[in-house]
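> model the structure of this input:
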Amino acid sequence: MVWLLAARAEARAEAVLPVAPSSGGAAQNGFTDAVAFGFSPVASGVENTKALQRAVDQGGTIVVGRAGIYPVAGTVYLGSHTSLIFGNGVYLKKVAESGPFSHVLLNKGALTRTYDEGITVEGLQIMVNGVDARMFKEAYGLHGQLAFFYVKDLVIRHFRCLDLGRLQYGIQVCTFEDLLIDDVIIKGLKDGVHLGCGRRFTIRHGVFQTADDAVALNAHDYAVGNPELGWIEDGVVEDCHDLADAGKPIGYFCRILAGAWMDWRPGMEVQQSDTVVSDGRLYRVQAKPDGTIYKSLSQPQHVSGSQVLDGINWGVVQTNVTYTAGVRNVVFRDIFLEKPRTAFSIHFDTGRYSRSYYPGAAIPMQQQLVFDDIRVLYTEKTDFLAVGTPVDVVTIVNSSFRNNTIEFHGNRAMPDYLKTTVNLVGCVFREPGTLDLLVNSVPKKLVTLKTTASVTVAGDFKARVVPGEGKIAVESDLPGLGKK
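Coordinates of the predicted model:
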């Protein structure tokens, strides 16, 4: 670890050295110095926002090398083929000189839903400073402090934010391809890293202390949670720490959300966040989360923005039509869990804020989720994994259980949760006594549980399963389930 930290420090130092402030101009050795455009710790937030925008508009590599706290009073927009590198001791502090604003950085393509490519942000440290606001100026549902929407080949390295408020995520990325988030420390009240639809991603070397989710893979979401819907696939989340804090354990280390919806039809009943397909577009109900059920008689057909029909505010979401959303082909590896809460939740939302699954829609099957070397470091009783959607196979490898259960629970609208195989290989069970390893409360649910190469630490350990109104088929080497 020491050599890795040293290598990172050396790489960051090399990135900053060629652009020390100089009177010779803005660019040296292929780098652009933001200081030369007036970006300064002593400038106002408004002046700094304009200055940094002028610098990044040059494209290429832009560096802020002078240590200090730089006030910013608005969003700075990054274009394609731009690297923005902040040196050690550089902080961007949000200030409300011109009123509250959401994003510190956002890609330009988010405004037009056109892809930006080849963007790197390195060394960014954000001080939220109480400027915590959902403005939805650029896209409804987008509210990350650091946000990207419609982006390919994005790298975020060495990001720090230690004072998240209740309204905004630390990092939000939606509608993406090829994403790397590396070396982050995020603390506060809202989600640390929040992803919407996209493919090929890695989140690694993360330290989180968040009241809400550390990592959210929200293929479906509240209407205000993400600007688009679709599958999140082909990714890795590794070497991450979920730190304990003094607050009430809420949220999850990782939330894994699925959803499904239908074509609009006259007379259908909808609520806040419901989605329909109409005229080659997705529309969502954007209303107060008060539990109101609306009857839709007029078909939404507007091409942008929102329109009220039959008392329902329909917002246009996207033109790339899909009827299902979920997470598939994702590996979680080397996760250290200090906070006593449900570690991984695979579920639908059901409530006044959102119902992920519209009754009668196609059933979204989440697929091929692997949990490798997950370390539970607390002793309180919690769910290791809570499953509330159809999922084909869950594999848990080389992981450490304490007083932790795998739970299957239901959703009132879903007629069939289909079969799930849970495969535990080489797991260690550390607590004494009887553990309810797998508990089911879904009627007619079929689960196959297989355990091999298991290790029990306490001599009196026994595992048991609770099938409820479903059926659990067991092939196990654990005491109580098969091993004598």
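> mind checking the end-to-end distance for stretch 413-429?
One end of stretch 413-429 to the other measures 35 Å (Cα to Cα, to the nearest Å).
> ranges for the helices of the stretch 301-450 of the chain?
Using DSSP state H, counting those that start in this stretch, no helices are found in the stretch 301-450 of the chain.
> quick one, strands of it?
All strands of the stretch 301-450 of the chain, identified by DSSP state E, counting those that start in this stretch, fall at 306-309, 312-318, 324-325, 327-337, 344-347, 367-376, 382-387, 393-397, 400-401, 404-408, 420-425, 428-429, 434-440, 446-452.
> residue ranges with poor pLDDT in the chain?
Under the criterion pLDDT under 70, the flagged ranges of the chain are 1-29, 483-484.
> which of the strands of the stretch 301-450 of the chain sits closest to Asp242?
Closest of these to Asp242 is strand 327-337, at 5.1 Å (criterion: Cβ to Cβ). The C-beta positions use only the backbone N, C-alpha and C, and glycine is treated the same way.
> that closest one vs strand 393-397, what angle?
Comparing the axes of strand 327-337 and strand 393-397 via axes from the mean of the first three to the mean of the last three Cα atoms, to 10 degrees yields an angle of 30 degrees.
> just the C-alphas of strand 327-337, formatted as CSV.
C-alpha atoms of strand 327-337 as CSV (Å, rounded to 0.1, in the frame of the first residue of the first chain):
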residue,chain,number,x,y,z
VAL,A,327,-28.3,-4.4,-13.2
ARG,A,328,-26.4,-7.3,-14.7
ASN,A,329,-22.9,-8.7,-15.0
VAL,A,330,-21.4,-6.7,-12.0
VAL,A,331,-18.7,-7.9,-9.6
PHE,A,332,-18.3,-6.5,-6.0
ARG,A,333,-14.9,-7.3,-4.7
ASP,A,334,-12.9,-6.5,-1.6
ILE,A,335,-15.6,-4.6,0.3
PHE,A,336,-15.1,-3.7,4.0
LEU,A,337,-18.3,-3.1,5.9
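> what are the pairing partners of it, and which direction each?
strand 232-242 (parallel), strand 367-376 (parallel) (DSSP bridges).
> which residues sit against that strand?
For strand 327-337, the surrounding residues in contact (Cβ atoms under 8 Å, 6 or more residues apart in numbering) are 217, 219, 231-242, 253-254, 256-258, 343-344, 346, 366-378.
> same thing but 7 Å
When contacts are defined by Cβ atoms under 7 Å, 6 or more residues apart in numbering, strand 327-337 is touched by residues 217, 219, 231-242, 253-254, 256, 258, 343, 366-377.
> repeat that for stretch 387-400.
Residues from elsewhere that reach stretch 387-400, judged by Cβ under 7 Å, 6+ apart: 258, 346-348, 363-376, 385, 407-411, 417-418, 420-428, 430.
> how does it look with 6 Å?
258, 346-348, 363, 365-367, 369-376, 408-409, 411, 417-418, 420-428 (Cβ atoms under 6 Å, 6 or more residues apart in numbering).
> ranking the strands paired with strand 327-337 by burial, who's on top?
Mean neighbour count, computed with mean count of other Cβ atoms under 10 Å, is highest for strand 232-242 among the strands paired with strand 327-337, reaching a mean of 21.
> dump the C-alpha coordinates for it into CSV.
C-alpha atoms of strand 232-242 as CSV (Å, rounded to 0.1, in the frame of the first residue of the first chain):
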residue,chain,number,x,y,z
ILE,A,232,-26.5,-0.8,-15.8
GLU,A,233,-24.1,-3.5,-16.9
ASP,A,234,-20.6,-5.0,-17.1
GLY,A,235,-19.0,-3.4,-14.1
VAL,A,236,-16.7,-3.8,-11.1
VAL,A,237,-17.0,-2.2,-7.6
GLU,A,238,-13.8,-3.0,-5.6
ASP,A,239,-11.6,-2.1,-2.7
CYS,A,240,-14.2,0.1,-1.0
HIS,A,241,-14.9,0.8,2.7
ASP,A,242,-18.3,1.6,4.3
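> and the following helix or strand past that strand, what does it pack onto?
The first helix or strand that comes after strand 232-242 along the chain, using DSSP states H and E, is strand 254-257. For strand 254-257, the packing partners by 3 or more Cβ pairs under 6 Å, 6 or more residues apart in numbering; DSSP states H and E come out as strand 215-218, strand 344-347.
> give me the element Glu117 is part of.
Using DSSP H and E, Glu117 falls within strand 116-122.
> partners of that strand, with directions?
Paired strands of strand 116-122, defined by DSSP bridges, are strand 82-86 (parallel), strand 144-164 (parallel).
> what is the subsequent helix or strand relative to that strand?
Counting by DSSP H and E, the next helix or strand C-terminal to strand 116-122 is strand 125-127.
> contacts for that following strand, please.
Applying Cβ under 6 Å, 6+ apart, the contact partners of strand 125-127 are Tyr91, Leu92, Lys93, Val104, Gln145, Arg160, Cys161.
> if we only consider the residues you listed, which is nearest to Ile293?
Proximity of the contacts of strand 125-127 to Ile293 (Cβ to Cβ) peaks at Gln145, which lies at 34.7 Å.
> correct me, but the closest one touches Gln168?
Yes: look at Gln145 against Gln168 with Cβ atoms under 6 Å: they come within range, at 5.4 Å.
> just send the strands paired with strand 116-122 back as CSV, with mean neighbour count and distance to Val439 too.
Converted to CSV, the strands paired with strand 116-122 look like this (neighbours: other Cβ atoms under 10 Å; distance: least, Cβ to Cβ, whole Å):
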stretch, mean neighbour count, distance to Val439
strand 82-86, 23, 47
strand 144-164, 22, 33
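> for Lys444, which of those is the nearest?
It's strand 144-164; of the strands paired with strand 116-122, that one is closest to Lys444 (Cβ to Cβ) at 40.1 Å.
> tell me the angle of the next helix or strand after the closest one relative to strand 312-318?
Moving toward the C-terminus from strand 144-164, the next helix or strand (DSSP H and E) is strand 169-188. Angle, strand 169-188 to strand 312-318, by the same axes, to 10 degrees: 100 degrees.
> quick revisit: mind putting the helices and strands packed on strand 254-257 in CSV, mean neighbour count and distance to Ser40 included?
Shown next, in CSV, are these (neighbours: other Cβ under 10 Å; distance: least, Cβ to Cβ, whole Å):
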stretch, mean neighbour count, distance to Ser40
strand 215-218, 28, 35
strand 344-347, 24, 45
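> how about those, which one is nearest Val465?
strand 344-347 (18.5 Å).
> and that closest one, what does it pack against?
Applying 3+ Cβ pairs under 6 Å, 6+ apart, we find strand 344-347 packed against strand 254-257, strand 382-387.
> can you list the strands that the shortest one pairs with?
In other words, strand 254-257. Looking at strand 254-257 with DSSP bridges, its partner strands are strand 215-218 (parallel), strand 344-347 (parallel).
> please apply the same query to the longest one.
The partner list of strand 382-387 in its sheet, established with DSSP bridges, is strand 344-347 (parallel), strand 404-408 (parallel).
> ok so, going back, in TSV: the helices and strands packed on strand 254-257, plus distance to Phe37.
Output for those, formatted as TSV (distance: least, Cβ to Cβ, whole Å):
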stretch	distance to Phe37
strand 215-218	35
strand 344-347	45
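> nearest to Ile186 among these would be which one?
So among the helices and strands packed on strand 254-257, strand 215-218 is nearest, using Cβ to Cβ, at 9.8 Å.
> could you dump the closest one to PDB, C-alpha only?
Output in PDB follows, covering the C-alpha atoms of strand 215-218 (Å, rounded to 0.1, in the frame of the first residue of the first chain):
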ATOM      1  CA  VAL A 215     -22.900   3.400  -4.100                       C
ATOM      2  CA  ALA A 216     -26.200   3.400  -5.900                       C
ATOM      3  CA  LEU A 217     -26.700   1.400  -9.100                       C
ATOM      4  CA  ASN A 218     -30.100   2.900  -9.900                       C
END
